[in-house]
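1. quick one, structure for this:
(2 chains)
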Amino acid sequence: MKKEEITKGVDLFLYKVDGFKTASASVNIAMPLDDGKNAARALLISLIAKTNRQHPTIQKMTSELNMLYGASITPSVIKSGDSQIIRLTLDCVDDKYALYGESVILKSMELMLEMLFSPNTDGRKFKDADVKREKRLMLERIKSLSDDKMANAVNRLIEEMCRDEAYSIKKLGTPEEVEALTGEDIFDALIDILLHAPIQINVVGNFDEDKIRTLVSEKFSSLQRENIAELRTQFLSEAYDEREVREAQDVNQCKIVIGMRAGMTYDRDNYAAIKVMTDIFGAGTYSKLFTNVREKESLCYYCSAALDAGKGIILIQCGVEKENIDKAVAAIKREFQSMINGDFDEEIINASKLSICDSLLGALDTPEDINSWYAVQQTASIVLSPEELSEQIKQVSKEEIMTAAAFASFDTVYILESEAQAQ
Amino acid sequence: MNISEIKNEFVLEKYYKIEHDSGLSIYVMPKENYKSAYAIFGTNYGSVDTAFSKKGEEVTRVPEGIAHFLEHKLFESEELDAFERYSKTGADANAFTTFDHTCYLFSCSDNFRQSLEILLDFVKSPYFTQQTVEKEQGIIGQEIKMYQDIPDWQVLFNLLRALYKENPVRIDIAGTVESIAEISADLLYSCYNTFYNNSNMALAVVGNVTVEDVLEVADKCLKKEEKVEIERFTPADTEEIAEKYVEQDMGVQIKKFNLGFREVANEKMNVKENILISIVLELICGKSTDMYSELLENGLINSAFYASNFIGRGFAVNIFGGESDDPEKVRDMLFERIRFVKENGFSEKAFEEIRRMKYGNEIKALGDIETLASGLVNAHFGEYGIFDIFEAYKTITVDDANALVKTKFDEAKCALSVIK
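-> Numbers count the residues shown, from 1 in each chain, chains lettered A, B, ... in the order given. Below is the predicted model:
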């Protein structure tokens, strides 16, 4: 893979591979979550993926993509540490499957870049009708997300646990922020990212490298880019205190979400040991949470832990009956204590390493996988290949796992219980 | 044993179909450039199989959710359970139950043969005791409750109950807390011995594998089994649907809806018709239609809107789903649109555009080993070949689509399910 700086703060990753059915690409745009423009950017990325100057209606844009053999250009908004990433992801067929010899990859890439460089605006603002539609869609999307009880429980935990950190800011913005947006705000957000955001463009597939490079360069070289935004994430290596937050809603099953501080001071800080520790504790089917809390005690269907290294936190999720809430929380804490005590053998360490390394080995199997692997590392302090990560994982010792557990601390317990049972 | 190679020159792919001596059909699709492999071992048995017999024997009626329960229990054995065994190979293993299939799978990049051996061995070695059955009732009880809190799941099952009075597609795949309490080890064995016969199963492996790898393990693990003739007793449904409108209050901020047309289920999978239906749905209200723009610009649908062809053994429903403050208005506009296309047909240009898009999506799917392996198993049970799809794309015309749409979407067989 080659990384080249096209212009200040714009990196192009070209990854040429042959023999696949598809090509995959992405434009990844990162900005601080707390600069007050997160709502505008989230709305912007959805808007520009639907229409642009050459394709001023959703119908015309869709027809263009349909004729490119169902190429898809999907907008997404991601929270990565204390940064917000807005992303366009392109997936299309490899050129050899085009029926008339056209280059689907080149044409689709051009279309994706036009979304950024040729927006359908009225001068320096987006069109009222487009803005009105996108605001409604965003408000409904936010409502719909809060109707998802499991996802909402995680969001509530983050709000409570990280209430003094940028990380608690909603990646899509609040309903009030969305309501207040104007066509000018959204246009300003576009100019702002084009001039100041760190941007990473990935292209993976079988293509003419010079043509892709020229296409991207031509678009970006016209910009006077300066003051590229700096991205920082606040890491709390230790919880100040343990809190419990209980809320009631009309649910059939109580949802428990527990947030821990992983003991990290930056995203790669002792990463491999903490990853293996979290995996043994609660990620695999061999993990302590799965084998004990689910299988032995039959308390739940799901009970698992996941590490978010970009923020240095571990999230544990579990769904239980009301009368089992305290029992489940106690069981989770007991299992974690057993990690600190070293109550696990070499067999489970090997199982964990085997499992993690096995999935790393196949992590770059398809153009979509390769694109995704490098896209999610846009804000990482060090970009690692699966092989490099695999080597680190293999080196982890039992003592390091125990130390990793000892440095992690419980922060906030969030419990969503059913209304009738809440008194 | 009979091995045949099935090739498609146009999409540059091939796979092998093996009629194994054990009676199992095995599909192997080696893929260059891939480090990982994906294996799926499925039985033609799911939640709709609530009454059945082996030929000549008495009919067995089983509690709702037993196929799914069996899936959970199969992972256990007298010694190490399947997950403990996989932990020595590094494979990522799972299983799922649908209305008409139960599948066990793993993906891995290394130790493929050991993992395949575990898969074949545990699926072919049932071990159920009353004690382990009771333990599972707690876990699955929580799985059922989890789904009860998911509006998108509820809106679908409410729709199915509105469309079908008798067909067991109306019951929840996992059953209910009450129905799974009736499950016993004996009942599990009865289901197992009927449906987990090699002749009712298929194995598909795709990715970094060879036919030799797969056969070496299959020869070792699979014993020859006499074919079991299965009779299934699916109650014939009433002519009338149960309800035209159903609603459930889950306190959601934006209503969710499923509008479903009950269609006549084909005896056998009809590849050409399925492709045409998927194109027709796109032509009715896909993003490139006036209908979609009209619904969107009038604030009646949002990004969650979709149309899908929901089919399986003994059931077929065309579903339009999404979120809306006014689902009844969406229904009325779709009714009007469908009447219009039945009368006037689709344009050749629109048809060609959608055909090209769908063709591209099929090509894309050929890059995904998981989709391919599942596709091979589904194709086996549906008695077609995965490359038949590409042949069908070549021959279909707008006239086929126009003729087909007239035979579908009967308003009298349509129900609206709403979660508010």
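2. secondary structure class of residue 246, three-state.
-> In the absence of a named chain, this looks at chain A. strand (DSSP: H, G, I helix; E, B strand; the rest coil).
3. wait, I meant chain B there
-> strand.
4. now do it against B:Ser324, distance only.
-> Using Cβ to Cβ, to the nearest Å, B:Val246 is found at 16 Å from B:Ser324. (Each C-beta comes from the backbone N, C-alpha and C, glycine too.)
5. tell me which of those two has more neighbours.
-> More crowded of B:Val246 and B:Ser324, by other Cβ atoms under 10 Å in any protein chain shown: B:Ser324, with 23 against 18.
6. what pLDDT does the model give the more buried one?
-> Per-residue pLDDT puts B:Ser324 at 97.
7. may I have the phi/psi pair for it?
-> phi -160, psi 150 (degrees, to the nearest 10).
8. identify the residues contacting it.
-> B:254-255, B:257, B:300-302, B:330 (Cβ atoms under 8 Å, 6 or more residues apart in numbering or on different chains).
9. what about 7 Å?
-> B:255, B:257, B:300-301, B:330 (Cβ atoms under 7 Å, 6 or more residues apart in numbering or on different chains).
10. again with A:Ile29
-> A:85-86, A:193, A:197, A:199.
11. buried subset of the contacts of B:Ser324?
-> Among the contacts of B:Ser324, those buried by neighbour count (16 or more other Cβ atoms under 10 Å in any protein chain shown) are B:255, B:257, B:300-301, B:330.
12. which ones among those lie within helices?
-> B:Val330 (DSSP state H).
13. ok, which stretches of the stretch 51-200 of chain A are strands?
-> Shown for the stretch 51-200 of chain A, the strands assigned by DSSP state E, counting those that start in this stretch span residues A:72-80, A:83-93, A:121-122, A:125-126, A:199-205.
14. which residues of the stretch 201-350 of chain A fall in helices?
-> Applying DSSP state H, counting those that start in this stretch to the stretch 201-350 of chain A gives helices spanning A:209-221, A:271-282, A:288, A:325-341, A:346-361.
15. from these, which stretch is densest packed?
-> Sort the helices of the stretch 201-350 of chain A by mean neighbour count, taking mean count of other Cβ atoms under 10 Å in any protein chain shown, and helix A:271-282 sits at the top with a mean of 25.
16. packing partners for that one?
-> Packing partners of helix A:271-282 (3 or more Cβ pairs under 7 Å, 6 or more residues apart in numbering or on different chains; DSSP states H and E): helix A:288, strand A:303-308, helix A:325-341, helix A:346-361, helix A:386-395, helix A:398-407.
17. the first one near chain B anywhere?
-> Yep, that's helix A:288 we're talking about. No: contact of helix A:288 with chain B is not found when judged by Cβ under 7 Å from any Cβ of the partner chain; the minimum separation is 12.8 Å.
18. A:Ile356 contacts A:Thr278, correct?
-> No: A:Ile356 is beyond contact range of A:Thr278, at 10.3 Å (criterion: Cβ atoms under 7 Å).
19. make TSV out of the helices of the stretch 201-350 of chain A and add mean pLDDT.
-> Conversion of these to TSV gives the following (pLDDT from 0 to 100):
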stretch	mean pLDDT
helix A:209-221	95
helix A:271-282	98
helix A:288	96
helix A:325-341	97
helix A:346-361	96
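20. closest one to B:Ser109 among those?
-> Nearest of the helices of the stretch 201-350 of chain A to B:Ser109, taken as Cβ to Cβ: helix A:346-361 at 3.6 Å.
21. now the helix or strand following that closest one: buried residues?
-> Next along the chain after helix A:346-361, taking DSSP states H and E as the criterion, comes helix A:367-375. For helix A:367-375, burial by neighbour count (16+ other Cβ under 10 Å) applies to A:367-375.
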